[in-house]
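Undergrad: Sequence first, predicted model second:
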Amino acid sequence: MARWLVGLLLVSGSAFAGQGLYSVLSSGSYPLPIEMMQQLEQQHEGVISEFEAEIENGELIYEFKMIDPQAKTITEYEYRAIDGSLKERGVGRLKSDDKDELAGVLVLQQNGLSLSEMLTLVNEESSGHIVKAEVDNDLGISYIELKILDVDGKRQLAFDIENKQLLPLLKWD
């Protein structure tokens, strides 16, 4: 019985954390993630390949991963959403397991696009807050895998980079 109760509390806590993120993002007190992406894209070499919004210790944090194909590096950034200050930055070399993400980034570059532009298109087609976006390539399709948080909870979908449209076969709730 005690294990069941602890499990229920853990599940309930994660549901409250998700709703907490939704209410924080809906409050309008923070800059939009797309605005911070645009600043990053203008200030740094490379292409943003991943974004995530999280609440850490009661604070809204925006995390970004940026790939520079020419330098063969990945730079990870964590920003405090409240004031846009840099919390953490780390740089590493591209590895073989980054090849699918790199392939998607190269398609973005070839099409003269950025992640912020693609997410702006997604926002036009979908309601809610994008809390995670990751560039990927699978089966010859370059897409952005998304997690969107709305009043009803989280849902996942995929957005085709080349055709600039939702992928119905990869859409799930």
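TA: Received it, and whenever you're ready, just let me know what you need.

Undergrad: just checking, next helix/strand downstream of the lowest-mean-pLDDT helix or strand in the chain?
TA: Lowest mean confidence among the helices and strands of the chain (mean pLDDT, DSSP states H and E): helix 2-26, at a mean of 51. Going down the chain from helix 2-26, the next helix or strand is helix 33-43, by DSSP states H and E.

Undergrad: That following helix: what's the following helix or strand?
TA: Past helix 33-43, the next helix or strand by DSSP H and E is strand 47-56.

Undergrad: List the contacts of that next one.
TA: Residues outside strand 47-56 that contact it (CB atoms under 8 Å, 6 or more residues apart in numbering) are 17, 20-21, 24-25, 33, 37, 40-41, 60-69, 74, 81, 101, 104-105, 108-109, 114-116, 119, 129-135. C-beta here means a position set from N, CA and C on the backbone, and glycine is covered the same way.

Undergrad: Show me which of those are buried.
TA: With burial judged by 16 or more other CB atoms under 10 Å, the buried subset of these is 21, 24-25, 33, 37, 40-41, 60-68, 74, 81, 101, 104-105, 108, 114-116, 119, 129-135.

Undergrad: Out of those residues, which sit inside strands?
TA: Of the positions in those, 60-68, 74, 129-135 sit in strands, assigned by DSSP state E.

Undergrad: Number of residues surrounding the residue lying closest to residue 128 once chain neighbours are set aside?
TA: Distances taken as CB to CB, 6 or more residues apart in numbering place residue 150 nearest to residue 128, at 3.3 Å, with adjacent residues excluded. Residues lying near residue 150 (other CB atoms under 10 Å) number 13.

Undergrad: Could I get the contacting residues of residue 150?
TA: 22, 127-129.

Undergrad: And for residue 24?
TA: The contact partners of residue 24, by CB under 8 Å, 6+ apart, come to 30, 55, 60.

Undergrad: 10 Å instead, please
TA: By CB atoms under 10 Å, 6 or more residues apart in numbering, the contact list for residue 24 reads 30, 53, 55, 58-60, 81, 129.
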